[in-house]
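Asker: sharing a model that was predicted from the sequence below.
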Amino acid sequence: MATKTEAKTKFTKETYLYWYELMLLLRRFEEKAGQLYGMQKIRGFCHLYIGQEAIAAGAMSATKPSDKFITAYRDHALAIAKGITADACMAELYGKATGCSKGKGGSMHFFSKEKGFFGGHGIVGAQIGTGAGLAFAEQYQGTDNVVLCFFGDGAARQGILHETFNMAMLWKLPVIFICENNMYAMGTSVERTSNVLDIYKLAEAYEMPSDTIDGMSCEAVHEGLDRAVKRAREGNGPTLVEIKTYRYRGHSMSDPAKYRTKEEVEEYKDKDPINVVLKTIQKNKWATDAEIEAINEKVKNEVEECVKFAEESPWPSDDELLKDVYMQQDYPFIVD
């Protein structure tokens, strides 16, 4: 989603309105998912993206539809941003057959080859190696597509990161490694788990370009990723981008987040990217109060409709159990 330079801002009115509507949809979807989890409509693990929406918004405006995304298990928002419908995402949370993974993946395993969204991975750090593999495939096929590989600050401790960084630099793969540093991994601060507090510096051992940017700002995310994407498209290989962000909720729905202060949470809520973008729109008179309210209502209705869709969708049939495990259609499973 390209942007043009204007007198008042580097980005157009259309970009800010896109960012606002997208982030609001992600926020309302996640809030509803949290509510439904409490009602036991959604089972299993559930990790919400509330507070981190500017990363998804900036990533989308800095890339093109044919680029690929892959992430960890906090995947709902990036999946929706990449184009998987709220209907298909909510149905997946419900475990219904109409879900984006046919109801077999649940919260942590959203997927859509068609939309270029390759998960949703529950094994910490596993997507780092797979993301490089996706980038290798794009390079091998001669496309100019890039891969955005997202992982958390906790996954930066995994050995696969170092092996992958080495290969990605050696082969100059078109991949942007994005550490969404929300400071606490599952519940332990970066300061208590790493001698290297600035995660972007991990790239230095491989002479990989790196950057650190403000994850509460759509503008900063777009600009930082735009630089990395341009480098990758031109055949100059990977970049490690540390995006410093903050989740307002716990690591998962079972986390009371007692390891941080209320004052710290409120400090970050004052920087809420949705409110910041809305203020920019209002300051520049790019939308009337009625037009903003229309966007709010549209998002509200979309979330309500996706819940209705999930509620009314069928459960997967029994004969789906052994499908989609292997490519071979007639794989000889041993069953009782």
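Answerer: On my side now, so go ahead.
Asker: so residue 266 lies in a strand, does it not?
Answerer: No: applying DSSP: H, G, I helix; E, B strand; the rest coil, one finds residue 266 to be helix, outside a strand.
Asker: look up how far residue 150 lies from it.
Answerer: Distance of residue 266 to residue 150, computed by Cβ to Cβ, to the nearest Å: 26 Å. Placement of C-beta: from N, CA and C, glycine included.
Asker: of the two, give the one with the bigger neighbour count.
Answerer: Set side by side, residue 266 and residue 150 show unequal neighbour counts under other Cβ atoms under 10 Å, the larger going to residue 150 at 26 against 10.
Asker: ok now do the more buried one, which residues does it touch?
Answerer: For residue 150, the residues meeting the contact criterion (Cβ atoms under 8 Å, 6 or more residues apart in numbering) are 55, 69-72, 78, 127, 178, 180.
Asker: ok, so of those residues, who is nearest residue 219?
Answerer: Each of the contacts of residue 150 was checked against residue 219 using Cβ to Cβ; the closest is residue 55, at 12.3 Å.
Asker: correct me if wrong: that closest one contacts residue 180.
Answerer: Yes: distance between residue 55 and residue 180: 6.0 Å, which falls inside the contact criterion (Cβ atoms under 8 Å).
Asker: more crowded one of the two?
Answerer: For residue 55 versus residue 180, neighbours defined as other Cβ under 10 Å are more numerous around residue 55 (30 against 24).
Asker: so who does residue 211 touch?
Answerer: With Cβ under 8 Å, 6+ apart, residue 211 has these contacts: 200, 224, 227-228, 239-242.
Asker: and it, which of the three is it?
Answerer: strand.
Asker: quick check: bridge partners of it?
Answerer: Here residue 211 shows beta-bridge partners residue 241, assigned using DSSP bridges.
Asker: ok, which stretches of the protein are strands?
Answerer: Taking DSSP state E to define them, one finds strands in the chain at 68-70, 147-152, 175-181, 210-214, 239-244.
Asker: what's the closest of those to residue 82?
Answerer: Using Cβ to Cβ, the nearest of the strands of the chain to residue 82 is strand 68-70, at 5.2 Å.
Asker: and for residue 55 and residue 180, which residues touch both?
Answerer: 150, 215, 243, 245.
Asker: between those, which sits nearest residue 18?
Answerer: Proximity of those to residue 18 was ranked by Cβ to Cβ; the top entry is residue 215 with 18.2 Å.
Asker: against residue 211, how distant is the closest residue in space to the closest one that isn't next to it in sequence?
Answerer: Taking Cβ to Cβ, 6 or more residues apart in numbering as the measure, residue 215 lies nearest to residue 245, with 3.1 Å between them; neighbours along the chain are not counted. Counting by Cβ to Cβ, the gap between residue 245 and residue 211 amounts to 14 Å.
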